[in-house]
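> Give me the fold of what follows.
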Amino acid sequence: MAASILQLLFPSVCLACGCKCATKWFCPPCWLLCELPDPANHCQVCFQGLEEQARYCASCREGKKRLPMVRGFVFDPESPARLMGLDAVDALAGFAYLQWIQLEWPDPDVVIPMPDSAPIAAALASLMQAPLVKALSPSYEYYEDRLEEENTLLLFDVSHSSSSLHKAASALSASFPKKIFVLSLFPYADSVF
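As a prediction, the model looks like this:
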């Protein structure tokens, strides 16, 4: 009863459009805008959107990969999920896990967070039943001897900086070629690749 009185006095408001709603964070129409991007419409290496039916974008077909590893993201750039914030750790990790399943990538042996991604990466590692290993320094360098060479790694990122991701990916791929997957919440606006 107390919950219904609180809802009456302080109704939930959608973070995206501001309308009153009975659901957490977003109203039903704005929740629909949080739909996961379909991997069939994206390059299987860099996750760049594809115009035609193909498996790879023109850059990846020509061997000009944007990163030294396979990459995907959870939300499109215009998704209202950007507004959820760090109080939605479990929800964001759940979306990331669903996208991982949709991408059909192999189960990771280890989840590595980018330095600013640890809370959501920890929740994602728990869902994947994989250990979380903080293998990157705050300057995105690899801490030696934190990982075994035969591991399949998932590098998880919530930031919007492609330059820091590129630095971390390069540091990891020097030791672990072809065994790293990158999953970020959003695509990068400041592409330097």
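> measure residue 141 to residue 56 for me?
From residue 141 across to residue 56, the span is 30 Å (Cβ to Cβ, to the nearest Å). C-betas here are computed from N, CA, C, even on glycine.
> wait, residue 188
Taking Cβ to Cβ, one finds residue 188 at 19 Å from residue 56.
> So these two - more neighbours on which side?
residue 188 (21 against 16; other Cβ atoms under 10 Å).
> Distance check, the more buried one against residue 67.
10 Å.
> overlap in contacts of those two?
Common contact partners of residue 188 and residue 67 (Cβ atoms under 8 Å, 6 or more residues apart in numbering): residue 165.
> Could you point out which residue ranges in the protein have low pLDDT?
1-11, 160, 178, 189-193 (pLDDT under 70).
> since we're on residue 146, how many residues are nearby?
Neighbours around residue 146, by other Cβ under 10 Å: 13.
> correct me, but residue 59 touches residue 65?
Yes. Under the contact definition of Cβ atoms under 8 Å, residue 59 touches residue 65, with a separation of 7.2 Å.
> intersection of neighbour lists for these two?
By Cβ under 8 Å, 6+ apart, residue 59 and residue 65 have these common neighbours: residue 46.
> what residues are up against the residue nearest to residue 111 when sequence neighbours are not counted?
In space, residue 111 comes closest to residue 125 once its chain neighbours are excluded; the distance is 3.9 Å by Cβ to Cβ, 6 or more residues apart in numbering. Contacts were defined as Cβ under 8 Å, 6+ apart; by that measure residue 125 touches 111, 131-132.
> Break this structure into its domains for me.
1-32, 36-184 (automatic domain parsing).
> Setting the sequence-adjacent residues aside, check what's closest to residue 99.
Spatial nearest neighbour of residue 99, chain neighbours left out: residue 74 (4.6 Å); criterion: Cβ to Cβ, 6+ apart.
> Quick check: the gap between the one you found and residue 88.
12 Å.
> Surely the residue nearest to residue 99 and residue 34 touch.
No. With contact defined as Cβ under 8 Å, residue 74 does not reach residue 34; the gap is 9.4 Å.
> Look at those two and report which has more neighbours.
residue 74 (28 against 19).
> mind listing the helices for this structure?
With DSSP state H applied, the chain shows helices at 2-9, 28-32, 58-61, 89-103, 118-128, 162-175, listed in chain order.
> rewinding a little: ranking the domains of the chain by burial, who's on top?
Here the criterion is mean neighbour count by mean count of other Cβ atoms under 10 Å, and of these the winner is domain 36-184, at a mean of 17.
> Can you give me the end-to-end span of it?
End-to-end span of domain 36-184 (Cα to Cα, to the nearest Å): 12 Å.
> Please renumber the chain so that the first residue is 31 from this point on.
Yes, from this point I'll number from 31; that puts the last item at domain 66-214.
> give me every residue that touches the closest residue to residue 149 other than its chain neighbours.
Take residue 149 and drop its neighbours on the chain: the residue closest to it by Cβ to Cβ, 6+ apart is residue 119, 5.0 Å away. Contacts for residue 119 (Cβ under 8 Å, 6+ apart) come out as 149-150, 153.
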